[in-house]
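Trainee: no sequence on this one, just coordinates:
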């Protein structure tokens, strides 16, 4: 006290108050707990190694990019929720405290001790601030668990144990600091930099003798140290594990368009004797790693349409159940995931989009479905649909030579009658055969003609893209369709494709390249919006009914096309368009995806009803869709929903055609 | 003149009228015919059969025949056919005759033609017309043996006109010990409805979701079906919302129907439903939405409010 | 004691989904008769439940039907016998062939579809039962075994509703639509089935001669549905139903 201010003097003894033999015990304990941590992590590694080799992203640039975006900047975590806030506090606190502790040991055990002066002061202040953040994060987490109890999070006594360790770590850390300041009688100017400890000292420890403080410091320090050791041991067995596996999976998950499933080869089937995944070890190593990355946050479950509709599926439970099976040494994956759970998935990718650690739930489900198909575990209507895709080349079971029935009286050019077309108009099976959806094909063709687009259709040469087969899990039926269609498209020298079906769009764009089919694929919304922007279509949109748009998952979320359908139905009067709470990439499935279109569903478990309620709540008169399957499901959904009779479901092309007709169909 | 044995069917409510139609067939080909009735306590049923110009009305009346078990019935029928020197055994198409008559054919050592729609005499030989491939093809079939077993579609041959002369009734001795005993009757579900079965009704009236509730469905769809003597069906949507039971469902995943007249009320025509009705001879659609896909398939389409039109139709049919 | 063997008889038929096609005479895709597929599925489920040890299949036709035999094997049928005969046989002839095959195979019972969807005759099961002098249960929508597999309790779908009968085994059972939903067979399953051998037999080997006793002279399409009309009123509708359509 009373000494001159010398910043360079600012430092503290690292093992002050800790006798050398205690330091030996400390290092032994740390070595033991870190050893246990490493041992646990190695056993995790061995579990992952049981999977099929590979599946990892190999490009380090991708690793780095993803680590920055998803691990450091935590893009998927940020939301305006309490959970996101507390994670930010915990995460930043944890990272800074870990870095701080690491720096301290480098300074202490390294050749050059830099732990003094301005560096020391800023170090102390920073660690105190983030220590507070860390404790605040713990407290918010406890509050959330105790009072908000979000169901998707899951609640277990172990969560309290973990939060207890974290909070105790923070509190004992500050207590050690305060007691140190007290018994070492640090000068106030220096103590101020350890602001929290100083405040505790000033408010609570006054009157404590130096000797008592020193003894208390020793015991608190030991408590803190033991907690650190326990924390290390706890990391690999509980939710904490994600601090290691999360970034690992973020970096190593293979880069692939969201809408593309992984092809399977006959060779692989012959090698493993399995189509897809039956035993856990049929998953690849990255997939097994991803199971350990799940920290059970429940964001996937909150986004899952099947879960919301009361179906027996939670993407989180799928990951957790498989992970638990892995921790028991593996085995029959179908033993833990019932078939109904796998069939319930609409493959809308909402869970995949939400997952902060990039788990590919849809890939997991798809691999398990493939095995069900291989084992003959598919029955009833969807089985019939696949047979029809195989035998009639379309899921409707109609003779394929009736493919142009929708075009009656429209004089639509075919690839044979107009071989020099610019755009191939790929109709898709729904718009070809479903009487309601045929109107989409008619409207689109009429609009393209009005805008003077040089296009052609394949007619009876068009067959199912194989999308329903691939999503349901019959990979080889899909591949057969893909190869046939790629051959047809090559024969007609197709370069650009436009289609009103987002599922055809996704498959042609993202999956056909796997079979040598590279095309410039557009959804009809995109082309129609361009034609409007170029003035080739000049619809009369005045005095329209109010419209809300249901974004198809495979257009908006999976392929990022959000603006085009909105541009097509845009009205000069902004009040005429309304948005549902879940729109754009955050859209909510209609219930038809993943082959669900073809499954029988109990009326109480219809995803479409939930979505229809959301649409009706906007008060709009028209529910615009941009997908024939969405149109089908939403029409059903509206029919089942109170107030749904006041709303009609229309494809964007039908809306545009009506407006264009008012302006004169010839256009230009 | 060749001789036929016609097997007559009966149930709790008496003789099945449609099972008399084979007599029209036999008259058409110029056969004489005996009628055979099997069962227990048949005395009350027999007199009706006397006035159809049959050579005789044969009764196989025995407690062992109280229920139509195929093994016993076939044994009796085949034995009677031999004894009567019949060349042809005929019955009307039904699940009863489909069950029993092929077995008769096996015992009678004769081929069989099912579900005959028409018969033609070409060069002195009968040629039978029958539907195949779920009604999408018609085949002309000839039998190259001197005996055969036939079932005829009752809607293709009219009810025979009665005559004034009475055929004799003959009670056949039934030797229970010689009858097969491998089949045992346990129970039969009691029919709750008087309406005909969906899958072979001549008229089917079917309703969709806009009928709103069970009561309205029954009043409009049921009411119309009853005026026409038809069966009642429904769309999946109507079944799903609990308006009607599951076995009403018509469509790809429900029952496939092919009646003479199908009337769809408040049905827009989901492709799954249309697949189940496409073979109906006449399709009538009543729907509010003029763009409803069912109108593309309907023989007659009427656009309007079903709550007003259906009562009007029921009234018009009642008057007619 | 569980049963030793089920014999499932099945037929190859043109895919019923193609039935609406205008070019019916152009050979379309062939499939296992859907009702027989249900019979196969039921037999497989019995084996999977442990009711029976072996599911044997039989079909009659030329080598072209091997594709459907593979499909049956891919579903899980243990072995299939094809009686090589390319003639257009009638149900009576088919029943006689099956009868002699049953003599050779000695199954615990025979199961098959109630009818083939091409010919729609609905005869073979009943004829076979008659020739064998076995009990029969036709149009069955539920099967349960009783008394140590000596009898089967079967629910039948009849015009007047559901009927329950008991048959002593061996018997012939024919299946209706609601009995089950057959499993889906995918390419890997078919590939595995390719490795199984198909047993081929001829009528001579079975020691019988059969001749079809019914002949199809000609086939034709039924008249096409005329284009529909819109009517304006109930009166108009009733008049047309009465005078034009003649359905009232």
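Mentor: Yep, it's here. Remember, it's a predicted structure, so these values are computed and weren't measured experimentally.

Trainee: lowest average confidence, helix or strand, in chain C?
Mentor: Ranked by mean pLDDT, DSSP states H and E, the helix or strand of chain C with the weakest confidence is helix C:187-194, at a mean of 86.

Trainee: And the contacts of that helix?
Mentor: A:266, A:269, A:275, A:374, A:376, A:474, A:476-477, A:480, C:70-71, C:73-75 (C-beta atoms under 8 Å, 6 or more residues apart in numbering or on different chains). No exception for glycine: its C-beta is placed from N, CA and C like everyone else's.

Trainee: can we see that at 10 Å?
Mentor: A:264, A:266, A:269-270, A:273-276, A:370-371, A:373-376, A:390, A:474-477, A:479-480, C:66-67, C:69-77, C:80, C:183, C:185 (C-beta atoms under 10 Å, 6 or more residues apart in numbering or on different chains).

Trainee: from these, which ones fall inside helices?
Mentor: A:266, A:269-270, A:370-371, A:373-374, A:390, A:475-477, A:479-480, C:66-67, C:69-75 (DSSP state H).

Trainee: tell me which residues of stretch B:266-284 are tucked away?
Mentor: Residues B:266-284 are the ones in stretch B:266-284 that count as buried (16 or more other C-beta atoms under 10 Å in any protein chain shown).

Trainee: do the same with stretch B:11-31
Mentor: Here stretch B:11-31 shows B:15-16, B:18-27, B:29, B:31 as buried, counting by 16+ other C-beta under 10 Å.

Trainee: do the same with stretch A:306-321
Mentor: Buried, per 16+ other C-beta under 10 Å, within stretch A:306-321: A:306-309, A:311, A:313-321.

Trainee: give me the low-pLDDT residue ranges for the chain?
Mentor: As the question left the chain open, I've gone with chain A. A:1-5, A:665-668 (pLDDT under 70).

Trainee: oops, I was thinking of chain C
Mentor: C:18-28, C:224-227.

Trainee: how about the strands in it?
Mentor: C:3-9, C:12-14, C:30-32, C:52-61, C:79-84, C:109-113, C:136-146, C:151-158, C:161-168, C:172-175, C:198-201, C:214-220, C:229-231 (DSSP state E).

Trainee: and the last one, is it in reach of chain B?
Mentor: If I follow you right, that is strand C:229-231. Yes: counting by C-beta under 10 Å from any C-beta of the partner chain, chain B is contacted by strand C:229-231 at C:229, C:230, C:231.

Trainee: And these, which is closest to residue A:63?
Mentor: Here the nearest of those to residue A:63, counting by C-beta to C-beta, is residue C:230; it sits at 66.1 Å.

Trainee: And for the closest one, the neighbour number?
Mentor: Residue C:230: 13 surrounding residues under other C-beta atoms under 10 Å in any protein chain shown.

Trainee: Same question for the one 4 residues further on.
Mentor: Look at residue C:234: counted by other C-beta under 10 Å, it has 21 neighbours.

Trainee: Identify the spatial nearest neighbour of it, chain neighbours not counted.
Mentor: Spatially, and ignoring its direct neighbours in sequence, residue C:234 is nearest to residue B:312 (4.6 Å; C-beta to C-beta, 6 or more residues apart in numbering or on different chains).

Trainee: any idea which helix or strand carries the one you found?
Mentor: helix B:306-319 (DSSP states H and E).

Trainee: Tell me the buried residues in that helix?
Mentor: In helix B:306-319, counting by 16+ other C-beta under 10 Å, buried: B:306, B:309, B:310, B:313, B:314, B:316, B:317.

Trainee: if we can go back for a sec, need the strands of chain C in CSV (columns: distance to residue A:302).
Mentor: Formatted as CSV, the strands of chain C follow (distance: least, C-beta to C-beta, whole Å):
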stretch, distance to residue A:302
strand C:3-9, 49
strand C:12-14, 49
strand C:30-32, 44
strand C:52-61, 47
strand C:79-84, 51
strand C:109-113, 48
strand C:136-146, 43
strand C:151-158, 45
strand C:161-168, 46
strand C:172-175, 46
strand C:198-201, 54
strand C:214-220, 60
strand C:229-231, 50
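
Trainee: hey, which of these is tucked in deepest?
Mentor: The highest mean neighbour count among these, using mean count of other C-beta atoms under 10 Å in any protein chain shown, belongs to strand C:172-175: a mean of 30.

Trainee: next structured bit after the longest helix seen in chain A?
Mentor: In chain A, assigned by DSSP H, the helix with the most residues is helix A:20-49. Of the helices and strands lying after helix A:20-49 in sequence (DSSP H and E), the nearest is helix A:60-66.

Trainee: quick one, the next helix or strand after that next one and helix A:20-49 angle?
Mentor: The helix or strand immediately downstream of helix A:60-66 is helix A:82-109, counting by DSSP H and E. With axes from the mean of the first three to the mean of the last three C-alpha atoms, to 10 degrees as the basis, helix A:82-109 and helix A:20-49 are set at 130 degrees to each other.
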